[in-house]
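Need coordinates for the following:
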Amino acid sequence: MITIRLNAGDIGRIRFALSPVWEAVTSVRALSNNTARSVHGPWLQKVRPSIEGDDLTLLRALIPSAGYIPDFLTPAPPRRSTSLESGLAAIAATPHALATAELTRLYRATPHPMLPDLIARPAAALDLITSALETYWRRAIEPDWRRMRSLLQEDLAFRLDELAAGGIERLFRNLHPSIKFSGDRIDIDRPYCCDGEPMAGQGVLLVPCVFTWPAGLAVTGAPHVPTITYPPRGLGRLWEDRQETTDSPLADLVGRTRAAIVSHLDLPMSTTHLANQLGVSAPTLSVHLSILRNAGVVTSRRDGRAVLYHRTALGHQLLAASTTLATTA
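Purely as a prediction, here's the structure:
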């Protein structure tokens, strides 16, 4: 059992963030713990032929299939949404003494022949680690990042609605079965305990993370910000192939472009993202989205500077009915 104790200041500083670095780090573990028939099976089959090499060998040494991962590899994002570059910069800025201590702890828990040299040369180690993470990200995560990010943003919108509707207790009640909020502490049902106590007053960071499925991870030791990751809602549909709608009853009804828009919005997307996906101009797409929104087929919400569109219940019904008609015709 992992326990994060909270004071009044901590409760007032509970916040959410997305982290590309967290996704990269946890996806390395997912490579070891998932199969072709698991929820991440389609991703595994796609990326495995292109990611093997020295960079992945180093990352596997740092991120074992179970147990401790050095906390400096997963820095707390300072804002709700950050870039890969800012996360890598935070890793590169890790104090050498802290990197050495955490790598030593890793070596004691999960010995690997690459670790002693990293421990002996922390400055060089941080350079190697950030370079390996960047290379791995470009190959394994970046091609699907927009899709992942849309899912994560949708989860954040839901969680913030839960917080507004029912407060902290409701937020944690629906966050993950293993995570319990008890007023002055958060308990995480995990088969091991974390060493160290967090510094009071830092709050708690909650990070939806695609690759932590089925259970989350936690960072609790000082000087790190207490952080809990959890699988986002809708993860099961992340890698599903889109339904083809070019020649379908729905396309006959609303036109091919609008049918394609409805099909692509299985996860929320911005106008720019949709335009790139469909190969149409943003102004043309905006006209179609306006018509679909007025008809109640799609809806939109603002996320920072972006407006994200997604299917409504009616849109889901139309797409499902169109697919059924097409397969029985």
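
Only C-alpha atoms from now on, for both contacts and neighbour counts.
Noted.

Can you point out the helix or strand that includes Gly315?
Applying DSSP states H and E as the criterion places Gly315 in helix 313-328.

Touching, Ala109 and Tyr68? I think so.
Yes. Contact criterion C-alpha atoms under 8 Å: Ala109 and Tyr68 qualify, at 7.2 Å.

Rounded mean pLDDT for the helix holding Gly315, please.
The average pLDDT within helix 313-328 is 69.

Over to stretch 62-82?
Mean predicted lDDT for stretch 62-82 stands at 90.

can you check stretch 261-276 too?
Averaging pLDDT residue by residue across stretch 261-276 gives 76.

Show me the contact partners of it.
146-147, 150-151, 154, 238, 242-245, 278, 281-282, 285-286, 289, 297-298, 306-311, 315, 319 (C-alpha atoms under 8 Å, 6 or more residues apart in numbering).

Does Val219 touch Thr227 like I think?
Yes. Counting by C-alpha under 8 Å, Thr227 is a contact partner of Val219 at 5.0 Å.

of these two, who's got more company?
Val219 (27 against 23; other C-alpha atoms under 10 Å).

And the strands in this protein, which stretches?
Remark: strands assigned in the chain by DSSP state E are 2-5, 14-16, 179-181, 185-188, 204-208, 218-219, 227-230, 269-270, 298-303, 306-311.

For Arg29, list the residues it contacts.
Counting by C-alpha under 8 Å, 6+ apart, Arg29 has contacts Arg60, Ile63, Pro64, Ser65, Ala66.

just the buried members of the residues you listed?
Arg60, Ile63, Pro64, Ser65 (16 or more other C-alpha atoms under 10 Å).

Would you convert these into CSV that also reports distance to Ser32?
Listed next are the buried ones among the contacts of Arg29 as CSV, based on distance: C-alpha to C-alpha, whole Å:
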residue, distance to Ser32
Arg60, 9
Ile63, 10
Pro64, 8
Ser65, 6
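
residues in contact with the residue nearest the centre of the chain?
The C-alpha lying nearest the average C-alpha coordinate of the chain belongs to Cys209 (C-alpha atoms, centre = their mean; 3.1 Å). For Cys209, the contact set (C-alpha under 8 Å, 6+ apart) comprises Leu18, Ser19, Trp22, Glu23, Leu152, Thr229, Tyr230, Pro231, Pro232.

Phi first, then psi, for the nearest residue to the third one once chain neighbours are set aside.
In this case it means Trp22. Nearest residue to Trp22 in three dimensions, chain neighbours excluded: Thr74, at 5.6 Å (C-alpha to C-alpha, 6 or more residues apart in numbering). With angles defined as degrees, to the nearest 10, Thr74 sits at phi -130, psi 70.

Ok, Pro78 next?
Torsion angles, degrees, to the nearest 10, at Pro78: phi -80, psi -20.

Compute the number of surrounding residues for it.
Neighbours of Pro78 (other C-alpha under 10 Å): 13.

hang on, Trp137 packs against Val25?
No. Shown here, Trp137 and Val25 do not form a contact pair, counting by C-alpha under 8 Å, at 9.2 Å.

His288 versus the nearest residue to Ser178 once chain neighbours are set aside, what's the distance?
In this structure, Ser178 finds its nearest non-sequential neighbour in Asp189, 4.9 Å apart by C-alpha to C-alpha, 6+ apart. Remark: distance between Asp189 and His288 (C-alpha to C-alpha, to the nearest Å) = 47 Å.
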